[in-house]
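Novice: show me how the following folds:
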Amino acid sequence: MSIPTTVTGELVPSPRQDTDAQGAVETVIDEACRALHLPTIRTRWEELAATAMKERSSYKDFLADLLEAECAHREERKKLRLVREANFPRSKRLEDFDFEKNPNVTPEQVNTLGDPAWVTAGQPLCLIGDSGTGKSHLLIGIGTAIAEAGLKVRYTTTANLVNELAEAADEKKLGRTLARYSRVDLLCLDEFGYLDLDKPGAKLLFQVFTEREERRAIAIASNAPFSEWKQTFTDPRLCAAIVDRVTFNAHIIETGTDSFRLAQTQEKRRRG
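Specialist: Residues are numbered from 1 along each chain as shown. Have a look, this model is predicted:
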């Protein structure tokens, strides 16, 4: 790799070809990039320098290309980290949702929810429908889109969340656990209504909703319509309070009752 020495503003090969000097320069670049946490520049500077010399780029253009590559890679790593930290059980993306198989859900509705504006506004999202109608796919897909937009997302099931809160309460750590969830921009709560909660469990869950009300967004996927939530929350007043919080200024999508997952399985068996 030749060292640029011109003062004309263009990168051109240096006449110096001393191998030891070149190695020393490369060592300095490598160590500086490690110290400054610039992994992309460390691995790509030679490639970009060669391109710059070939195109006779200016020093400023070369520097801009280096910094742009570092920023782009850093942003990509941030997206991957936020998606990983969301703890999704599997990978699902909105663009993979089959709208033809579930006409109850429109692309316009879903694409709007891929934008983080509703999350930053602290609005709830309710996905209501029977099993196999795409609720979890939409919940994970929307959560993934929000995480990739740069916001903190956390996925969990209702049962896991209640168990975690109950354990925290027993260990005198409830406040700390609630605070951790309150810092998440979007809480994705799956399998809501799949189990009956006792009064202590329902009260713990209610605390989460109260902490997030109109400040932090929450998205739930439930196989039961709102009218049946009283079976999950045995206390009628508590049930009404929770319904009130998750429906106020909420986005509500009803995915229907026809399981396209079951239909797909039956179609495969028929063809087999």
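Novice: ok, what's across the strand from residue 126?
Specialist: residue 220, residue 252 (DSSP bridges).
Novice: from residue 68, how far out is residue 105?
Specialist: 38 Å (Cβ to Cβ, to the nearest Å). C-beta: built from backbone N, CA, C; applies to glycine.
Novice: got it, and residue 77?
Specialist: 15 Å.
Novice: swap in residue 239?
Specialist: Going from residue 239 to residue 68 by Cβ to Cβ gives 53 Å.
Novice: which of these two has more neighbours?
Specialist: Shown here are residue 239 and residue 68; by other Cβ atoms under 10 Å, residue 239 has more neighbours (19 against 12).
Novice: give me the nearest residue to that one, chain neighbours excluded.
Specialist: residue 233 (3.8 Å; Cβ to Cβ, 6 or more residues apart in numbering).
Novice: then residue 235?
Specialist: Per Cβ to Cβ, 6+ apart, closest to residue 235 is residue 199, 5.8 Å.
Novice: what about that neighbour, neighbour count?
Specialist: Residue 199 sits with 11 neighbouring residues when counted by other Cβ under 10 Å.
Novice: right, and it touches residue 234 too?
Specialist: Yes: the criterion here is Cβ atoms under 8 Å, and residue 199 meets it with residue 234 at 6.6 Å.
Novice: please, where are all the strands along the stretch 1-150 of the chain?
Specialist: 125-129 (DSSP state E, counting those that start in this stretch).
Novice: which stretches of it have low pLDDT?
Specialist: Applying pLDDT under 70 to the stretch 1-150 of the chain flags the ranges 1-20.
Novice: what's near enough to touch the residue nearest to residue 239?
Specialist: 197, 202, 239, 242 (Cβ atoms under 8 Å, 6 or more residues apart in numbering).
Novice: give me the phi and psi for it.
Specialist: phi -110, psi 100 (degrees, to the nearest 10).
Novice: roughly how far apart are it and residue 68?
Specialist: For residue 233, the distance to residue 68 - Cβ to Cβ - is 52 Å.
Novice: residue contacts, the residue nearest the centre of the chain?
Specialist: The centroid of the chain falls nearest to residue 147 when counting by Cα atoms, centre = their mean (2.3 Å). Shown in contact with residue 147 (Cβ under 8 Å, 6+ apart): 79, 82, 83, 85, 86, 153.
Novice: from memory the first one sits against residue 148, does it?
Specialist: It stands for residue 79. Yes: Residue 79 lies in contact with residue 148 (Cβ under 8 Å); the separation is 4.6 Å.
Novice: of the two, which one has the most company?
Specialist: More crowded of residue 79 and residue 148, by other Cβ under 10 Å: residue 148, with 20 against 14.
Novice: in a helix, residue 189, correct?
Specialist: No: assigned with DSSP: H, G, I helix; E, B strand; the rest coil, residue 189 falls outside any helix and is strand.
Novice: can you tell me how far the residue lying closest to it once chain neighbours are set aside sits from residue 25?
Specialist: Setting aside the residues directly before and after it, residue 189 is nearest to residue 220 in space (Cβ to Cβ, 6+ apart), at 4.5 Å. For residue 220, the distance to residue 25 equals 57 Å [Cβ to Cβ].
Novice: higher neighbour count, these two?
Specialist: Remark: of residue 220 and residue 25, residue 220 carries more neighbours, 23 against 14, as counted by other Cβ under 10 Å.
Novice: domain-wise, how is this structure divided?
Specialist: Listed by automatic domain parsing, the domain ranges of the chain are 19-84, 86-271.
Novice: any idea which of those is most buried?
Specialist: domain 86-271 (a mean of 17; mean count of other Cβ atoms under 10 Å).
Novice: how far is it from where the chain is centred?
Specialist: For domain 86-271, the separation from the chain centroid amounts to 14 Å (computed by Cα atoms, centre = their mean, to the nearest Å).
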